[in-house]
Every structure is written in C-alpha cells, then in structure tokens.
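Asks: Fold the stuff below for me.
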Amino acid sequence: MRWVILTLIALLGLLQYRLWIGEGSVEELYALRAQIQDYRNEIERLRSRNLALAAEVEDLKTGLEAIEERARSELGMIQRGEVFLQVIERQPGERP
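Replies: Numbers count the residues shown, from 1 in each chain. Sure, this is the predicted structure:
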C-alpha cells in the first residue's frame, strides 16, 4: 500500500512539473497568447495601411487633383503660366 501512495505522489509531482514548467505549460500558454495579440495588432496596422493605399490608388485613378499634387510635391513641376518663387531664409547669425 505504501508503494502505491509513493507512486501516486510521484506521478502527481510529474504532472505538476509538466503543468507549470514543462512543454505545454501555463507559462507557454501565456506567451503564445501574447504573441497572438501582437500578430493581431500587426494585422490591424497593416489592414489600415492597405486601406489608405487603396484609397490613394483610387484617387490617383479618378482624380486629376491627386496627380497634380503629386507632380508638384515630388517632382517640383509647375503649370503653364505659373511663376515659381523660391524663398531662402537666412540662418540666425548668417551675414547677407
């Protein structure tokens, strides 16, 4: 009878070890849940980025204003009849 009790106590100890420390433990479960939450946050960030890019693509396909704005800001282009003025501000302490 004593061997049966010792065997059951040893078995209980092994199961507790596996539950708290071993493979598939509670700690690993919490780490996996945190990793899943990080993935969900990343997916949401990428989804909103994709929506913004899709809206920009649609705007570029349909509207000339977006194309004109891009040409002005990124390429430095101007329309016919416009005058380009570049203002260079002096740095503090710079002599004229």
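
Asks: any idea how far Arg80 lies from Leu64?
Replies: 15 Å (Cβ to Cβ, to the nearest Å). From N, CA and C alone the C-beta is placed, and that goes for glycine too.

Asks: So these two - more neighbours on which side?
Replies: Leu64 (8 against 4; other Cβ atoms under 10 Å).

Asks: in the lengthiest helix in the chain, what's buried?
Replies: Taking DSSP state H as the criterion, the chain has its longest helix at helix 26-62. When burial is assessed from 16 or more other Cβ atoms under 10 Å, helix 26-62 yields no buried residues.

Asks: can you give me the angle the helix or strand following it makes with helix 26-62?
Replies: Counting by DSSP states H and E, the element after helix 26-62 in chain order, helix or strand, is helix 64-75. For helix 64-75 against helix 26-62, the angle by axes from the mean of the first three to the mean of the last three Cα atoms, to 10 degrees is 110 degrees.

Asks: Return the set of buried residues in helix 64-75.
Replies: Result for helix 64-75 [16+ other Cβ under 10 Å]: no buried residues.

Asks: Tell me which other helices or strands it touches.
Replies: With contacts taken as 3 or more Cβ pairs under 8 Å, 6 or more residues apart in numbering; DSSP states H and E, helix 64-75 sits against helix 26-62.

Asks: Cheers, nothing more for now.
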